[in-house]
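J.: The following comprises the amino acid sequence and a computationally predicted model.
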Amino acid sequence: MKPIILFDWGDTLMVDFSTQPELGIEGKMCDWKVVEAVEGAQEALSQLSAIYDIYIATSAAESSPKEIEQAFARVGLDHYIKGYFCQQNLGLAKRSVEFYQRICQELRIEPEQAIMVGDTLEKDIFPAKKAGLSAIWFNPSKQPAVGGEPENPDYESVETIKPQFSHMAELNQLLS
């Protein structure tokens, strides 16, 4: 079995236009008129899929795994992805430690065998690390870390959240 990488969906591998209200995009991403992969996602997944099994771990509450796959198919990324984990098939919200523990159970792996890559500290990075996974913060806008639980060392500052990267092309270098 190859090592596992879990990727977030919106704004990590595909652009989440719903966060831009001026565009008037609503509903499920698979139904949007326009969908777009994040710059460098195709190249990153192409290279990483030769070494890792790639799964999606998303907080999408309304989309089914099949609908998520349809959105990825529209941008040509679906063939790199082995499976999709979301609230609908796990019954858990992504910002919980249990969400990541359940994924590890479903994949029959120990948490140390998986890496979570995502753009949101509170949903992607902190709970994944608490569950025992490695985590890499995709920080394209180079934002400082904010929020979280100050008493927990994982939450102290942007300097403690390593590794992190700002462009998909950098991910392959981090993992090699």
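T.: Sure thing, it's come through.
J.: Can you list phi and psi of Val117 for me?
T.: As for Val117, its main-chain torsions (degrees, to the nearest 10) stand at phi -120, psi 120.
J.: hang on, it packs against Asp11?
T.: No: at 11.8 Å, Val117 and Asp11 do not qualify as touching, with contact defined as C-beta atoms under 8 Å. Using the backbone N, CA and C atoms, a C-beta is placed for each residue, glycine as well.
J.: of the two, who's got more company?
T.: Each of Val117 and Asp11 has its neighbours counted (other C-beta atoms under 10 Å); Val117 has more, 28 against 17.
J.: what's across from the more buried one in the sheet?
T.: Beta bridges link Val117 to Phe7, Ile136, judged by DSSP bridges.
J.: Next, the contact list for Glu69, please.
T.: By C-beta atoms under 8 Å, 6 or more residues apart in numbering, the residues touching Glu69 are 78, 81, 84.
J.: For burial, what's the neighbour tally of Asp124?
T.: When neighbours are counted by other C-beta under 10 Å, Asp124 registers 27.
J.: Apart from its chain neighbours, what residue comes closest to Ser134?
T.: Sequence neighbours aside, Ile115 is the residue nearest to Ser134 in space, at 4.5 Å (criterion: C-beta to C-beta, 6 or more residues apart in numbering).
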